[in-house]
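Engineer: pasting the sequence and the predicted model now:
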Amino acid sequence: MFLKKIAMAGVVSLLGSTAFAGGHGCAIDARVSIVGNEFPAIQTVGAGATECTGAEVSKNLTADHQKINLAGMQGNPAEYTSAIVANSSIVALMNDDVIRPLDDLVAKHGQDLKKNQLITINGKVMAVAFMANAQHLVYRADILEKAGVEAPKTYEDMLAAAEKIRSMGLMENPVGGAYKAGWNLAQEFNNMYLGHGGSFFEAGSATPSINNEQGVATLNMMKALSEYMNPDFLTHDSNATNAEYRAGNVALMNMWGSRAATLTDAEGVSQEVKDGMAIAGPMTVGGGDQAASTLWWDGWTVAKNVSDAEAEATFIAMTHAIRPAILEDGEVAKQAVWLIDGYSPTDAAVGVFAAAQMNTTPYPMLPYMGLMHTALGAELADFMQGKESAEQALADVEAAYTAAAKEKGFL
Amino acid sequence: MSTAVKDRKPLGLKIALWAFVSIWFVCAAFPFLWTLWGSFKVELDFFSIADWTNAIFGRNTADTYGRPFTGAGYDGAFVQEGFFGNAINTMIVCVCVVTISLTIGTLGGYALSRSGQGYVFWLLITALMFRALPQVALVSGYLPVFFDWNVWGYLPTAIIVLVAINQPFTLWMLHSFFESIPKDLDEAAKVDGCTQFQAFRHVIIPVMWPGVITTGLFSFLLAYNDFIVTSLILNEGNRTMVPQIAAFLGTTYTEGNVMFAVAAVVSATVPLFILVMFFQRQIVSGLTAGAVKG
Amino acid sequence: MKHRTFFWFFAPTAAAMLLFIAFPIVSVVLQSFFVPHEAVLIESENCGPFGCTQSTMVDQAATEALREEKPLGRFAGLSIYADRGHLAFAEVAEAWRTSESFGAFFKELGDLPFYRAMGFTLTYTFVCTPLLIMLGFAIAVAVNSLHRRLKGLMIFFSLLPMIVTPLIGSLILFWMIDSRGVLGQLIAYIADDPSLSLKASTPLMWVSLIVYGIWSSAPFAFVVFYAGLQTVPQDTLESAQIDGATRWQQIRYVVIPHLAPLVTFVALIQLMDNFRVLEPIIGFQAEAHAQSLSSFIISDLSGETQQLSSAATTSVLTIIGVAILLSPVLVRTWREFRGGAH
């Protein structure tokens, strides 16, 4: 056993040296296979990994990644040696124990990584983050100026501004929001609920506790906002909301930072909308001092059920893909709020930076948060349509969550 | 219904008939023509979020390109995103699915129609139940196994799965079609000393084409249109057209390129148009010949 | 045909179905009886780009031991079937006790996700199927009476809604019925209500989905009936004419009886397809207003945390539902089969 370890260490250090011999290129000698979402920043990372030579690097970047990454990492050896995840989705991989601690690999190959890129869970590095994201205010400076209001700092200000814009006849439905039933609606609830200072679970347990004052206040605020939205708001995801903004129908919206840079780049957007676009940090709500938003990171993990050689090759390739030099390309620098060393924020990144400075809560990395998110997405639509009371809706969410959490063994 | 009756229709009935046919024509054809027209516009016009007449006159398109039509969607889908590759994958999948499922389906359907044993009924009923399953349920069962065997992501895997999912319907169609071919034909061949397979080959195969072509068309449609299986089983590099179109639409994080999707939708519908144009007679005659005896 | 010969003819197709349909069903059924082990939770400190937080995580070492012992998970029996996400026995009983009227009871029932999905699925199935059969029949009769040249053209266009990919077809219609789309504007104009939006109201969304269902499936009924019309015995028809039967009587007493077996066939296929309706709900983004059994399964599978047992249970319930739905047809087929065999 001991001999084997020594032999292994020898092989590994040999590998390490060959990797560095490649200079700024990237040499690997074992298979790398990546699964992840498909947005541009991740496409950049995926393309960066495939620059590595010496062994096959394959990638599968798809919107369905969450349906397949767990199944693809459970086999032995795993199909995927790396999954690109966010703080919401790493939990599913942690729960089923399919990703490995990276401490030894970080020590060996992670010189270029900043300390704050390392996601440590219970003292072990489990993922390496490369970009940050948050939802924040995007507004039309020209419309707000016409209405004579400042960019809102709180949701109450936002309602007042919306009322002003509507009553002056500037816009019919000035507020935009990704309120599509399901994941989006639940995420808006999360933002607002955290902004009200709520917590989703009883401390230290998986028992839900959202049917409270903060929960009701949250729903009432969401309902009030929806009065100023396009009546179809329950079918609007962030794509549809952005389309409304581009068409000049929306003046105020809470939107993902990752979407801000290219928001008005699409064809056919009028000059007025392009010039009027402005970004600010997330808003607070209900007199609270915590932003009604969540902070997100995207990062990569390494599979547990692969050989050490493959894990090392994966680590080298993925580290290569997020090396500081990729930011030299202006297009790449614009794609996201990178956490990589040497990133200087673009104009589009001010919202996310403001969110980080306001000590916004990160999206909770709890094993059972995903179930809560699903339950919220499924049960809140009735309230938003006025079919049931806030208390009833929250009770439904708790009941749906409890059933799911019992099934998954958390309760 | 046809010749003898036709000439003596009263005027009122004629008008009603024409009105009905025209309304149906508009219902069936208009969405396609509308999408075709819209595919040459920019997104803001296509969705006409500002004003619905923009979709017809293309005001934003004219602002951007100087004329109310643009091939930008097609350029993006085919040149930038390589939609041809997806089209070729779809071709491969469709051809293989149709060939394999007809080959094994005709053998099975023929056997069912000639057996006469009690278990035939139960086989047919089982097949029927299989057809009624929600495919979503099956696919989640495949994933762990396919990953374990290292066959996930490849075209042959998707082909075999689609063949299997398609078998129940193929069996039913061909079973009832073979029932309509007189049993005496192959019985006579067997009396002449043929084995069952020889009888099938020399007697049945020459007369089975109308039913087989119709069934094949339905298999083709299933393979061509499948979304659930292909989107969850195929790797990004091996995608067929339908999951690729879904990918163009974007996700929460990222801007989809909806006009790429619209152009791809139009392009994906063209082969179907051509197919129906060539085979509509066969569809009808195959169904007439007995494939739909129930 | 001898059993042996039958076996060899049938073996390839049986193998395909066994491997890719029967085995997955067995695994789905098994999965619906087992749930993951109880997670052993421990406190942990998580650090990242946004600082450190106290959190909870699954204790892998402890959970691993449980998994080793029983790889399938905990045996749950029928408890998943009975929980709130599915048949919800306790909640239904509670609603029954506390509701004062049937209306209130059904309202409570509609608040439970499974019954809500079931409600839409059944409504969709039983409204769409008869209507599309009638529409398909009407189109078939109308097209059949056209001039030969026109016939070909009309058959071509009539088949389009059926052949186009369901996801794409529903997307196209979804774009058109937007309150500012061409159909949405038209409907608002007809209803004389400029703010009318199909996507904002549950009943209107249901109507849209059902209209889409009829639009996309009527061509199937049409083409089957049209094929059937080609085989209507001409002599029966002529003798009916000689007896002075009106046009309607000819259809009622000659054509419809001739097509009756085809109606069964179409009804069978369409009941099955409509019962597992999925693509229109995704295409119309109608999750807020309508859930079907299939979309219910999808949402279990596509959450941040997959709920495999729950999805499996819904699948099994769907299969049982289909079996019940098809039982009248099956009984009939059985009778016919026995009649035909002798």
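Structural biologist: Noted; the coordinates are in hand. Numbering: from 1, shown residues only, chains lettered A, B, ... in the order given.
Engineer: close to chain B, is stretch A:376-395?
Structural biologist: No: counting by C-beta under 8 Å from any C-beta of the partner chain, chain B is not contacted by stretch A:376-395; separation bottoms out at 11.9 Å. For the C-beta atoms, the positions are set from N, CA and C on the backbone; glycine is no exception.
Engineer: what sits closest to whichever residue of the stretch 51-200 of chain B sits closest to chain A if chain neighbours are left out?
Structural biologist: Going by C-beta to the nearest C-beta, chain A is nearest to B:Asn60 of the stretch 51-200 of chain B, at 3.5 Å. Of all residues not flanking B:Asn60 in the chain, A:Gly268 sits nearest, at 3.5 Å (C-beta to C-beta, 6 or more residues apart in numbering or on different chains).
Engineer: so what's the residue count around the one you found?
Structural biologist: Using other C-beta atoms under 10 Å in any protein chain shown, A:Gly268 has 24 neighbouring residues.
Engineer: contact partners for it?
Structural biologist: Contacts for A:Gly268 (C-beta atoms under 8 Å, 6 or more residues apart in numbering or on different chains) come out as A:246, B:42-45, B:60-61, B:63-64.
Engineer: please apply the same query to A:Asp64.
Structural biologist: Contacts for A:Asp64 (C-beta under 8 Å, 6+ apart) come out as B:231-232, C:302.
Engineer: from those, pick out the ones that also neighbour chain A.
Structural biologist: Near chain A, taking C-beta under 8 Å from any C-beta as the test, the members of those found are B:231-232, C:302.
Engineer: surely B:Val151 meets B:Thr157?
Structural biologist: Yes: counting by C-beta atoms under 8 Å, B:Val151 touches B:Thr157, with 4.8 Å between them.
Engineer: any regions of the stretch 201-342 of chain C where pLDDT drops low?
Structural biologist: Low-confidence segments of the stretch 201-342 of chain C (pLDDT under 70): C:339-342.
Engineer: show me which residues of stretch A:318-329 are buried.
Structural biologist: A:318-323, A:326-327 (16 or more other C-beta atoms under 10 Å in any protein chain shown).
Engineer: return the residues in contact with C:Ile21.
Structural biologist: Going by C-beta under 8 Å, 6+ apart, C:Ile21 touches B:130, B:133, B:138, B:164-165, B:167-168.
Engineer: kindly report the same for C:His86.
Structural biologist: C:His86 sits in contact with C:80, C:114, C:310, C:313-314, C:317, where contact means C-beta under 8 Å, 6+ apart.
Engineer: chain A next: which of those are close?
Structural biologist: C:80, C:310.
Engineer: which of the contacts of C:His86 lies closest to chain B?
Structural biologist: Ranked by distance to chain B (C-beta to the nearest C-beta), these are led by C:Thr314 at 8.0 Å.
Engineer: just give me the neighbour total for the closest residue to A:Ile84 other than its chain neighbours.
Structural biologist: Nearest non-adjacent residue to A:Ile84, counting by C-beta to C-beta, 6+ apart: A:Gly36, 3.0 Å away. Neighbours of A:Gly36 under the rule other C-beta under 10 Å: 27.
Engineer: so what's residue 329 up against?
Structural biologist: Since you didn't name a chain, this refers to chain A. No contacts exist for A:Asp329 under C-beta under 8 Å, 6+ apart.
Engineer: my bad, chain C
Structural biologist: Residues in contact with C:Val329, defined by C-beta under 8 Å, 6+ apart, are C:264, C:267-268, C:271.
Engineer: can you tell me the element it falls in?
Structural biologist: If you go by DSSP states H and E, C:Val329 is part of helix C:308-341.
Engineer: list the buried residues of that helix.
Structural biologist: C:308-319, C:321-322, C:325-326, C:329-330, C:333.
Engineer: may I ask which of the ones next to chain A among the contacts of A:Asp64 has the most neighbours?
Structural biologist: Result: B:Leu232 is most packed of the ones next to chain A among the contacts of A:Asp64 (other C-beta under 10 Å), 24 neighbours.
Engineer: how much space between it and chain C?
Structural biologist: 9 Å (C-beta to the nearest C-beta, to the nearest Å).
Engineer: which one is that residue nearest to, not counting chain neighbours?
Structural biologist: Sequence neighbours aside, B:Val139 is the residue nearest to B:Leu232 in space, at 5.0 Å (criterion: C-beta to C-beta, 6+ apart).
Engineer: for the one you found, what are its contacts?
Structural biologist: By C-beta under 8 Å, 6+ apart, the contact set of B:Val139 is B:228-229, B:232-233.
Engineer: neighbour-wise, give me the winner out of the residues you listed.
Structural biologist: Counting neighbours by other C-beta under 10 Å, B:Ile233 leads the contacts of B:Val139 with 26 neighbours.
Engineer: show me the shaky parts of the stretch 1-150 of chain C.
Structural biologist: Scanning the stretch 1-150 of chain C for pLDDT under 70 picks out nothing.
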